[in-house]
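**Student:** next input, structure requested:
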Amino acid sequence: MRVGVEERSVALLDEVARTAPSIWTRSYARILIAGDLACAVIACEVVVGTRLWLGAYVPGTEALLGLALALAWPVAMALGGAYRKRLHGEGTEEFRVVFNGGLALTAAVAIGAYATQTSIARSFVMAMFPLALLLTVFFRYRMRKRLHRLRKQGDYVRQMVAVGHREAVLDLVMQFRRQPHHGMQIVAACLPEGTPDPAMDPVMDVDGVRVLGDFGSVPEAVARAKADSVAILACPELDGAALRRLAWSLEEARTELYVAPALLDVAGPRISIRPMAGMPLLHLEHPEFDGARRLVKNAFDRVVAGAVLAVLAVPMLVIAAIIRATSDGPALFRQSRVGKGGTEFQVFKFRTMVNDAERRKLELLGDNEFDGVLFKMRKDPRITRVGGFLRRYSLDELPQLLNVIRGEMSLVGPRPPLPDEVRKYGEDVRRRLVVKPGMTGLWQVSGRSDLTWEESVRLDLRYVENWSLVLDLQILWKTWSAVISGEGAY
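**Tutor:** Here you go, the predicted model:
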């Protein structure tokens, strides 16, 4: 039954994928409502059916009550904000409001039954609601993945006009192109006054994005580009009064307005808006690098690393034996890396290169294919045949579990750099060293070696600014699919 619901949902998605955002967002919300209701009905049927199969008597009133609770399920989701269009495809936030909505309905039913002395079968509260929540989260996950695939094909995309200086617009264009699953496409740009008139230079663009005017012609640019949203990037020309007037001019056409703060790569609970003296001020909390949360993270790292190491001990011995049998040299490779606070430590890895790889590196520096301070080659002649397989699926990094247990590394964190790389760091890049390096991280699940130096640094800094145990769990979950696909590993 669940497969049938999913197939019908996918068919509806395909039908509305190429419609206007105002239409497809409503259609997508209706699909979510129908799917959530179906999940609750399935959970009710499973609970009632299981009780009947076990020989329990289920009065008709209880069965009707179960269906009534199933109908209340999407209502609870709606009250929790699970159908807001800004959550479509956003993952963690969507799952959070779904969980909160289910928990709220469970608590309301339990408290209401106690207050009114109503006899409600415990199976509805103890089994139906948890099962409905599990099915709903799984359904939302599959819908989110489907939405991301459609967005990569150019469907379900918002057409956006970017307003700001050329460098900021170019950065936003590149970010959205690298991450199309967010569903934002820059179709036009408005640059500051003094930029050459687009009418005099019709081919003027920002990396292929047409420039349709300056800051005073944003509404006209929106109409010409047939856009449905505007992104305002940080620039001194657009102060509070100018931004307010721009919002008024976009109000009649219901064009959505997004404002990017000057502070990048900081999001989530660290940011809040506080009204003071009639002004909305953006309050930024400092990241927590010590205290109870850090102790919990350290304990989680070591417990999980120890458990994984115990499970994979025999396969790791087999890998070591294969390495020794197929090439000269030890199975393990030790190398100095820089950890938290700039402290050097010896990282453990399975050897994937010939025994004199470091010496031969000097001969290959002219063939470096990576920008920045890293050395990378897609077809490095130093890599052995077995080493290429180990690298593709990140099996060479399994010995780093020892570094995690010793407290030198974390399961999740920035990439552990070489001392030579750190000596080339600028002041901003050294921010990566305030936390422990990790076996995996945002760089691992966002492209691995296919990333540029700037992209990898930005991802590491984003992790440092927003780290949490929940984020670590997300990255660990995504690492599995990244490793299985083998993309970006060489």
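
**Student:** most remote residue from the middle of the protein, which is it?
**Tutor:** Ranking residues of the chain by C-alpha distance from their mean position (CA atoms, centre = their mean) puts residue 57 at the top, at 46.7 Å.

**Student:** now do the SS call for it.
**Tutor:** Under DSSP: H, G, I helix; E, B strand; the rest coil, the three-state class of residue 57 is coil.

**Student:** which phi and psi does residue 103 have?
**Tutor:** Main-chain dihedrals, residue 103, degrees, to the nearest 10: phi -70, psi -40.

**Student:** how near is it to residue 115?
**Tutor:** Between residue 103 and residue 115 the distance is 18 Å, computed by CB to CB, to the nearest Å. For glycine as for every other residue, the C-beta is placed from the backbone atoms N, C-alpha and C.

**Student:** compare neighbour counts for these two and give me the winner.
**Tutor:** residue 103 (14 against 8; other CB atoms under 10 Å).

**Student:** state which helix of the chain is the longest.
**Tutor:** Criterion DSSP state H: the longest helix present in the chain is helix 21-53.

**Student:** which strands or helices does that helix pack on?
**Tutor:** Helix 21-53 sits against helix 2-16, helix 60-79, helix 129-152, with contacts defined as 3 or more CB pairs under 8 Å, 6 or more residues apart in numbering; DSSP states H and E.

**Student:** list of residues touching whatever helix or strand residue 347 lives in?
**Tutor:** Element membership of residue 347, judged by DSSP states H and E, is strand 344-350. Strand 344-350 is contacted by residues 319-320, 323, 331-339, 387, 390, 395-400, 402-403, 408-409, 416, 419 when judged by CB atoms under 8 Å, 6 or more residues apart in numbering.

**Student:** where does the chain dip in pLDDT?
**Tutor:** Judged by pLDDT under 70, the chain has its weakly predicted residues at 1-23, 58, 91, 118-121, 194-203, 262-270, 276-279, 361-378, 447-451, 485-490.

**Student:** domain parsing for it?
**Tutor:** Using automatic domain parsing, the domain parsing of the chain gives 2-152, 158-262, 292-485.

**Student:** residue 282: which of these is closest?
**Tutor:** Closest to residue 282 of these is domain 158-262 (CB to CB; 6.2 Å).

**Student:** picking that back up, just name the most buried of the helices and strands packed on helix 21-53.
**Tutor:** Neighbour counts (mean count of other CB atoms under 10 Å) averaged over each of the helices and strands packed on helix 21-53 peak at helix 129-152, with a mean of 19.

**Student:** downstream of that helix, the next helix or strand is which one?
**Tutor:** Helix 129-152 is succeeded, C-terminally, by strand 158-163 (DSSP H and E).

**Student:** can you name the next helix or strand after that next one?
**Tutor:** Sequence-wise, the next helix or strand downstream of strand 158-163 (DSSP H and E) is helix 166-178.

**Student:** what does the next helix or strand after that next one contact?
**Tutor:** On the C-terminal side of helix 166-178, the closest following helix or strand by DSSP H and E is strand 184-190. Residues outside strand 184-190 that contact it (CB under 8 Å, 6+ apart) are 154, 157-163, 169, 172-173, 176, 205-206, 209-215, 217-218, 221-222, 224-227, 229, 231.
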